[in-house]
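*Asks:* Structure here, sequence nowhere to be found:
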C-alpha cells in the first residue's frame, strides 16, 4: 500500500472514530435551550406579541460531535405570535398552531424582481373565536403604507446582518444571534418544483420531502445586497429562509456526510476563504455556500459515492473542485429556488477559485494532519501529544493518530459526567438570575424533554425553590400563581398558555391550585 493511501486511510479512520454521535446531553443542546429562553427580543409595537424561538444553524444541524469546536455561537430564529405570512392569492387560514395569539396580522407575500426576495403587504386581521376554535378574518385595503418594514433596531456590534448579537464571551454561555422572522406555514411558490423534481438516487426520500414541505418556511428581514442602499426597497425587502427545511435534510444525512460537511467548513474557515479583507465587499465563500454544495451533492450522487471504498480526503478534494467551478462561473445555484444565484458578485471569486483548483489530495491530506489532527493531539495528555513531535514515517504517524483516537474513545464517560455537571450549573444559574415566567418555564421544559427527562426533574426542583424564595420575599403575585399552576400540571389555558401574562382570576386559580395539592396529597391538606 502506498504512503499516500496509508495517509488517507489514517485520516479517514481518525474522523470516523473521533466524531462521536452527539449524546443526548451535550453542551450545544443545552446552550440552544438557554438561548431560546433568554434570546433578546427585537422591538415590537404590539405589546401582546410573544416571540416563538427556533434553534437553527450548527446547533440544530449537526448530530456529530467532533474533537475540535464546530459551533461558534447559537443561532435562534423567532417569529412573532401576532404575525403570519401567506403566499399571494392564498386564502387566509381559519386554524393556526396554539403558539399564535388571538389576534394575528396576516401579510401577503409579494415577489420582488430578485428570486428569493419578497415584500410583505398587510392583507388580513385574524381574530380567534373560542366557540368553534377557529379564526375569523377581516380584509385590509392594500396600500403602500401597509407594507411591512424589514428594518430592525440595533447598532454597532449588536447588529450582525439581520441578527442581533448577544455577546456572552468570557462566560460559560455561548454568544447567540437572534434573527427576527415572519412565519409562513405554507411551502413557497418560488420553490414549487423542489418537492416534485426528479431525483436519480432517492435522496431525500418522499417521507423527508413531505416533512420539509409541511414545515413551510420563514421570511427574514434583510434586503438583497444590490438593494440595501435603496431607501424604500432596502427597508422593505425580505429574504425567503429555508432553515427549517435545512435542519430536517441535514439531520437525514449519513454520519460520513456530516463529517465531510464539518471538514469543508473547518478548512474554509482556517484558510480564511470567508474573508477577503475588504469590508465593503461580500465574502466570497460562506458556510451557506458549503451547505448548498453539500445538499446538491447528497442529492445528485449515489450512496456508494460516499461509502464505497471510503476516502474522506478524496471526497473533500472533489467537492472543492466543484466549488472552484462554481466560483469561476460565478454561479452557485440555490438548492430550493430554481433561478436564484447565491454568487451575485464577481469580486475576488477568480482568486478563490484558483486557490481551490490547486488543492490536490496529497496536499489536502497533509493539511488535515498538520491543522486538524495535530490540534486534536494538543487536547490530550502529554504522553499522547508528544508523539506528534516526530511523524516523519507512516508508522509513526499511525501510532500518534491511534493514540489520539484511543484517548478520545476512553473519555466518553468522563465527558458525560462533565455534561451533567454543566447542565446543573447552567440550569441553576439561569433560574436564579432570570425571571421565571410561564413562557420561560414552557421553553425550558420543552427543550429539556428532548435532551433528558432527568434534567426536567432537576429544573422543576430549582424552579420550585425560586418560586418559594420570591414568595417569601414579595408574597404571591398573579404571575407566580400562573407559574405554580403550570408546574403543578394545571393548565392555565387550553390554548396559547405561553402568551398569557398576568391573571385576572387569581383567587379562582389559587382555589384550583389548592384542590390540585389536596388531590395529590390524598386529601391530607
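*Replies:* Right, received. Where do you want to start? Note that the structure is predicted; figures quoted are calculated from it, not measured.
*Asks:* after the longest strand anywhere in the chain comes which helix or strand?
*Replies:* Identified as the longest strand of the chain according to DSSP state E is strand 117-129. With elements assigned by DSSP states H and E, the helix or strand that comes after strand 117-129 is strand 134-139.
*Asks:* Let me see the mean pLDDT of that next one.
*Replies:* Per-residue pLDDT over strand 134-139 has a mean of 94.
*Asks:* re earlier: what residues of the longest strand of the chain count as buried?
*Replies:* Residues 117-126, 128 are the ones in strand 117-129 that count as buried (16 or more other Cβ atoms under 10 Å). C-beta here means a position set from N, CA and C on the backbone, and glycine is covered the same way.
*Asks:* cool, and stretch 224-233?
*Replies:* Residues 224, 227, 233 are the ones in stretch 224-233 that count as buried (16+ other Cβ under 10 Å).
*Asks:* mind putting the residues you listed in a markdown table, secondary structure and distance to residue 448 included?
*Replies:* Shown next, in a markdown table, are the buried residues of stretch 224-233 (DSSP: H, G, I helix; E, B strand; the rest coil; distance: Cβ to Cβ, whole Å):
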| residue | secondary structure | distance to residue 448 |
| --- | --- | --- |
| 224 | coil | 39 |
| 227 | helix | 42 |
| 233 | helix | 43 |
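*Asks:* where do the strands sit along the protein?
*Replies:* Using DSSP E, strands in the chain cover 20-21, 51-56, 64-65, 74-80, 83-87, 103-111, 117-129, 134-139, 159-160, 163-166, 176-184, 217-220, 238-241.
*Asks:* Do I have it right that residue 193 meets residue 339?
*Replies:* No - between residue 193 and residue 339 there is no contact under Cβ atoms under 8 Å: 10.5 Å.
*Asks:* Surely residue 236 is in contact with residue 121?
*Replies:* No - taking contacts as Cβ under 8 Å, residue 236 lies outside contact range of residue 121: 9.6 Å.
*Asks:* Tell me which residues touch residue 262, please.
*Replies:* 19, 62, 64, 66, 70 (Cβ atoms under 8 Å, 6 or more residues apart in numbering).
*Asks:* Buried ones from those residues, can you make that a ChimeraX selection?
*Replies:* The ChimeraX selection below is limited to those of the contacts of residue 262 classed as buried (16+ other Cβ under 10 Å):
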select :19,62,64,66,70
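*Asks:* what's the neighbour count on the residue nearest to residue 287 when sequence neighbours are not counted?
*Replies:* Nearest residue to residue 287, sequence neighbours excluded (Cβ to Cβ, 6 or more residues apart in numbering): residue 265, at 5.8 Å. Using other Cβ atoms under 10 Å, the number of residues around residue 265 comes to 18.
*Asks:* What of residue 307?
*Replies:* With other Cβ under 10 Å as criterion, residue 307 counts 11.
*Asks:* which one is it nearest to, not counting chain neighbours?
*Replies:* residue 256 (6.5 Å).
*Asks:* and the gap between the one you found and residue 162?
*Replies:* Plainly put, residue 256 is 33 Å away from residue 162 if you go by Cβ to Cβ, to the nearest Å.
*Asks:* neighbour count winner among those two?
*Replies:* Just comparing residue 256 and residue 162: by other Cβ under 10 Å the higher neighbour count belongs to residue 162, 22 against 19.
*Asks:* is it true that that one touches residue 221?
*Replies:* Yes - applying Cβ under 8 Å, one finds residue 162 in contact with residue 221, separated by 5.4 Å.
*Asks:* Let me see the contact set for residue 224.
*Replies:* Per Cβ under 8 Å, 6+ apart, neighbours of residue 224: 112, 114, 116-117, 237, 239, 344.
*Asks:* Quick one: buried ones out of the residues you listed?
*Replies:* Taking 16+ other Cβ under 10 Å as the criterion, what is buried in these is 112, 114, 116-117, 237, 239.
*Asks:* so where's the protein shaky on pLDDT?
*Replies:* Residues of the chain meeting the criterion pLDDT under 70: 1-2, 23-25, 27, 38-47, 142-145, 152-161, 163-175, 273-284, 345-348, 490-525.
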